[in-house]
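S.K.: this one's structure only:
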């Protein structure tokens, strides 16, 4: 995934790392606002980069953390 991750996905991962995101259903909220990329949460969760329970803060997985550190 690291070869195909977009700049937007990296920005979302940085926001998750900063504790600014929550997963609401299949949507991602950043700073309380819905993310304009409606598939970001699903794409990053399926890639194993973030995790979260509905209406709880999203968290980076070890793979997501490693990807950010490598960038």
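M.R.: Good, I have the coordinates. These numbers come from a predicted model, not from an experiment. Numbers count the residues shown, from 1 in each chain.
S.K.: Which pLDDT value goes with residue 19?
M.R.: Residue 19 is assigned 95 on the pLDDT scale.
S.K.: Tell me, how many residues neighbour it?
M.R.: 10 (other Cβ atoms under 10 Å). No exception for glycine: its C-beta is placed from N, CA and C like everyone else's.
S.K.: Is it correct that it falls within a strand?
M.R.: No: using DSSP: H, G, I helix; E, B strand; the rest coil, the assignment for residue 19 is coil, not a strand.
S.K.: Not including adjacent chain positions, what is the nearest residue to it?
M.R.: residue 57 (6.0 Å; Cβ to Cβ, 6 or more residues apart in numbering).
S.K.: correct me, but that neighbour touches residue 21?
M.R.: Yes: applying Cβ atoms under 8 Å as the test, residue 57 and residue 21 come out as touching, 6.8 Å apart.
S.K.: Which one of the two is surrounded by more residues?
M.R.: A count of neighbours by other Cβ under 10 Å puts residue 21 above the other of residue 57 and residue 21, at 27 against 12.
S.K.: What are the neighbouring residues in contact with the nearest residue to that one once chain neighbours are set aside?
M.R.: Leaving out its chain neighbours, the residue that sits closest to residue 21 by Cβ to Cβ, 6+ apart is residue 58, at 4.3 Å. Counting by Cβ atoms under 8 Å, 6 or more residues apart in numbering, residue 58 touches 16, 21, 22, 23, 28, 41, 50, 51, 52.
S.K.: which residues touch the last one?
M.R.: The contact partners of residue 52, by Cβ under 8 Å, 6+ apart, come to 21, 22, 23, 45, 58, 59.
S.K.: what do you get for the third one?
M.R.: Residue 22 makes contacts with 28, 29, 52, 55, 56, 57, 58, as judged by Cβ under 8 Å, 6+ apart.
S.K.: Name whatever forms a beta bridge with it.
M.R.: In this entry, residue 22 is beta-bridged to residue 29, residue 57, by DSSP bridges.
S.K.: what's the pLDDT at it?
M.R.: 93.
S.K.: what's the spacing between it and residue 43?
M.R.: 16 Å (Cβ to Cβ, to the nearest Å).
S.K.: ok, now residue 32?
M.R.: Distance, residue 32 to residue 43, by Cβ to Cβ: 21 Å.
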